[in-house]
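[1] Give the three-dimensional model of this entry:
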Amino acid sequence: MAVSRRDVLKIGLLGAGAVALPIEVGIRAASAGSPHVHSPSFDAYSRPLRVPPVLSPVRTVDNMDFYDIVQKTGRQEILPGRTATVWGYNGVYPGPTLAVESGRAIVVTQHNALTQVATGLPGGVLTTAHPHGLDVEARSDGHPLSLVLPGGFLEHHYPNWQPATTLWYHDHAVDHTSRNVYMGLAGFYLISDAHERTLPLPRGRFDIPLLIQDKTFNADGSLFFPTDNGLPMRQGVLGDVLLINGTPQPFLKVERRRYRFRLLNGSDARFYNLRLSSGDAFTVIATDGGLMPHPVQVASLPMAAGERYSIIIDFAKYRVGTSIVLQNTDTGLFGDEVDPRKVSEVMRFDVVADAIDASSVPFDLAPPLDVDPRAASVTRRWEFERESDRWVINGNPFDGARIDARPRQGSTEIWEFVNKSGGWRHPIHVHLVQYLVLDRNGAPPRSHERGPKDTVSLGANETVRVAMKFSSPFTGIYVFHCHNVSHEDNMMMTQFEVMQSA
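    Below you'll find the predicted structure:
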């Protein structure tokens, strides 16, 4: 296969085992100028919420668990009465949940079975698996250029020494993260610890992960993935059906008590602003990297792609027989052709029984993230812009041969994220580290984003400053990028290299 100049530029500093090859796009895709596809109609709230199963290790050695995951195709009913081909971890969408204990390392071997025969695409599908939000060695981070060929595999080592948190794992293949995640390569990665178990928060069946994604379907129920001339849509892929854990607009029967919901915006580009149809507030207890120092009550919760929040909803105030809808009031992005009414209702809670509730939400949840901005030795400015048909950072598209920052282990830095791309919005995700949001346009951060973060929403013409400490023992090359993954695939990404302390 011929390698383009763009591919040569992106090969950069990869080791000999990595590959960078052109990837063909298919999956019932439409090129620029094709008419917009509208998904078949279905009855909302006709199917119950499905919670992804927890994956069991294939073996345990000493204090380490080993997992095998196969990236392969599967047939799955997503829209009622219609089946679709998905690319899933173990062939299912969403993938099985990795639920691990802080301090207990695991090894995950990812096998790529997305061959040409399985997918119908020339050469099959190249993949790489990224544990989003994990403090992990560079070789196991799922760098976009650390691609695994169909028929190959890669062993990932995850130390899991972070505190309890809600992470996720998803594909990160260069140029085709958007397509691969859209087709199903995403799953939860949950870390628990002893401290969180001492808190009287809801747990067990009252602690529920919710993966929110939007997709569009063809008339036969297959997934529709739009492209611009062979690459993901420049503005982002915006679907007209909201899926929760792979089910369109499901319902959940709840008791009159508190529930914890682990919200993950796993969409390609869509922003959400979540609220309850009752108008009642709910309580935010955790951000991307774990528990907040103190809970906050909000009437609505904006979420950019890649962000995670844990919220508590107390259904004790509602009578049995009451239904409450989780709504989305975000008005959408530029280029969104979707009728906003189609994506305005996320799921429904049906109150069906009384309950005895021993849970509560304490005022003190966890120590704040150990980052002191006064100790910052460097301030870096990163400008996010649209340049012709590319999305760039500081005027540069992604180039695997270029390193744009070299922080040292143990150092603290302030990074300024500046949105100069007009009305576009960008979720900014930094690999390896969690950071504190210092301010937004010079004002204090929003109340719900005052915990540890690895992804922050950067609105139109906004400047957001964050402080991060490179306390990880790992050195090496990592990326940060816009988590509108279509923007990422259209080159809004760059690299930094963590250097050994002086």
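[2] Where do the helices of the stretch 401-502 of the chain begin and end?
    Secondary structure of the stretch 401-502 of the chain (DSSP state H, counting those that start in this stretch): helices at 485-489.
[3] Under the pLDDT cut-off, which ranges of it? List them.
    By pLDDT under 70, the stretch 401-502 of the chain has no low-scoring segment.
[4] How about the chain?
    For the chain (pLDDT under 70), the answer is 1-35, 228-234.
[5] and the closest residue to residue 473 other than its chain neighbours, how many neighbours does it have?
    Leaving aside its sequence neighbours, residue 473 sits nearest to residue 409 (CB to CB, 6 or more residues apart in numbering; 7.3 Å). For every residue, glycine as well, the C-beta is placed using N, CA and C. Counted with other CB atoms under 10 Å, the neighbours of residue 409 add up to 16.
[6] What values do phi and psi take at residue 409?
    Main-chain torsions, residue 409, degrees, to the nearest 10: phi -50, psi 140.
[7] tell me the contacts of it?
    470, 471, 472, 473, 475, 498, 499, 500, 501 (CB atoms under 8 Å, 6 or more residues apart in numbering).
[8] let's see 10 Å
    Contacts for residue 409 were tallied using CB atoms under 10 Å, 6 or more residues apart in numbering; they are 469, 470, 471, 472, 473, 474, 475, 498, 499, 500, 501, 502.
[9] Got a ChimeraX select line for the buried ones in these?
    This is how ChimeraX selects the buried members of the contacts of residue 409, with burial counted by 16 or more other CB atoms under 10 Å:
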select :469,470,472,474,475,498
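[10] Tell me the one of the contacts of residue 409 nearest residue 138?
    Nearest to residue 138 among these, counting by CB to CB, is residue 474 at 6.4 Å.
[11] What is the burial count for the residue lying closest to that closest one once chain neighbours are set aside?
    Closest residue in space to residue 474, ignoring its immediate chain neighbours: residue 137 at 4.8 Å, by CB to CB, 6+ apart. Applying other CB under 10 Å, we find 17 other residues in the vicinity of residue 137.
[12] From residue 57, how far out is residue 137?
    Using CB to CB, to the nearest Å, residue 137 is found at 20 Å from residue 57.
[13] Ok, residue 212 next?
    Separation of residue 212 from residue 57 (CB to CB) stands at 28 Å.
[14] Now that residue 160 has come up, it's in contact with residue 191, right?
    Yes: the pair residue 160 / residue 191 is scored as a contact, 5.9 Å apart, by CB atoms under 10 Å.
[15] residues shared between the contacts of these two?
    Common contacts of residue 160 and residue 191 (CB under 10 Å, 6+ apart): 98, 100, 101, 102, 103, 104, 134, 167.
[16] got the contact list for the first one?
    With contacts taken as CB under 10 Å, 6+ apart, residue 98 has the following neighbours: 54-55, 57, 65, 67, 69, 89, 106, 108, 131, 158, 160, 167-169, 187-191.
[17] let's see it at 6 Å
    The neighbours of residue 98, taking CB atoms under 6 Å, 6 or more residues apart in numbering as the test, are 55, 189.
[18] tell me which element it falls in.
    strand 98-101 (DSSP states H and E).
[19] Isn't the residue nearest to residue 474 up against residue 473?
    No: at 8.9 Å, residue 137 does not count as touching residue 473 under the criterion of CB atoms under 6 Å.
[20] three-state assignment of residue 195?
    helix (DSSP: H, G, I helix; E, B strand; the rest coil).
[21] For it, grab the count of nearby residues.
    Residues near residue 195, counting by other CB under 10 Å: 15.
[22] hang on, the earlier thing: so which of residue 212 and residue 57 has more stuff around it?
    For the pair residue 212 and residue 57, the greater number of neighbours falls to residue 212 (22 against 16), based on other CB under 10 Å.
[23] Show the backbone phi and psi for the more buried one.
    Dihedral angles (degrees, to the nearest 10) for residue 212: phi -100, psi 120.
[24] Distance check, it against residue 343.
    Relative to residue 343, residue 212 is positioned 10 Å away (criterion: CB to CB).
[25] my read: residue 147 touches residue 126, true?
    Yes: the pair residue 147 / residue 126 is scored as a contact, 4.3 Å apart, by CB under 6 Å.
[26] circling back: okay, and the common contacts of residue 212 and residue 343?
    Common neighbours of residue 212 and residue 343 (CB under 6 Å, 6+ apart) do not exist.
[27] Can you tell me the closest non-neighbouring residue to residue 356?
    According to CB to CB, 6+ apart, the nearest residue to residue 356 is residue 257 (7.6 Å).
[28] So that neighbour sits against residue 355, correct?
    Yes: counting by CB under 6 Å, residue 257 does reach residue 355; the two are 4.1 Å apart.
[29] Relative to the strand or helix carrying residue 168, what are the paired strands and their orientations?
    Here residue 168 sits within strand 165-171, counting by DSSP H and E. Under the criterion DSSP bridges, strand 165-171 sits next to strand 129-132 (antiparallel), strand 186-192 (antiparallel) in its sheet.
[30] correct me, but residue 295 touches residue 361?
    Yes: the pair residue 295 and residue 361 qualifies as a contact (CB under 6 Å) at a distance of 5.2 Å.
[31] what is in contact with those two at once?
    Shared contacts of residue 295 and residue 361, defined by CB under 6 Å, 6+ apart, comprise residue 283.
[32] What segments of the stretch 351-500 of the chain are strands?
    Assigned by DSSP state E, counting those that start in this stretch, the stretch 351-500 of the chain shows strands spanning 378-387, 390-393, 412-419, 426-430, 435-440, 455-458, 463-469, 476-482, 493-498.
[33] go on, the stretch 1-150 of the chain?
    Counting by DSSP E, counting those that start in this stretch, the strands of the stretch 1-150 of the chain are 59-61, 64-77, 83-89, 98-101, 105-112, 129-132.
[34] highest average neighbour count across those strands?
    Mean neighbour count (mean count of other CB atoms under 10 Å) peaks for strand 129-132 among the strands of the stretch 1-150 of the chain, with a mean of 24.
[35] Next secondary structure after that strand?
    Note on strand 129-132: by DSSP H and E, the next helix or strand toward the C-terminus is strand 153-158.
[36] Centre of the chain to that next one, how far?
    Relative to the mean C-alpha coordinate of its chain, strand 153-158 is positioned 20 Å out (CA atoms, centre = their mean, to the nearest Å).
[37] if I pick the most centrally placed residue in the chain, what's in contact with it?
    By CA atoms, centre = their mean, the chain has its centre lying nearest to residue 306, at 3.3 Å. Applying CB under 6 Å, 6+ apart, one finds that residue 306 lies in contact with 427, 429, 455, 483.
[38] ok, and the closest non-adjacent residue to it?
    residue 483 (3.6 Å).
[39] Pretty sure the one you found sits against residue 426.
    No: with contact defined as CB under 6 Å, residue 483 does not count as touching residue 426 (7.9 Å).
[40] Spell out which residues are contacts of both of those two.
    By CB under 6 Å, 6+ apart, residue 483 and residue 426 have no common neighbours.
[41] still on that earlier bit, intersection of neighbour lists for residue 147 and residue 126?
    residue 173.
[42] Show me how the record splits the chain into domains.
    If you go by automatic domain parsing, the domain ranges for the chain are 5-29+45-192, 204-353, 373-498.
[43] From one end of the second one to the other, what's the distance?
    In other words, domain 204-353. 18 Å (CA to CA, to the nearest Å).
[44] Run the chain-centre distance for it.
    In terms of CA atoms, centre = their mean, the centre of domain 204-353 is set 13 Å apart from its chain centre.
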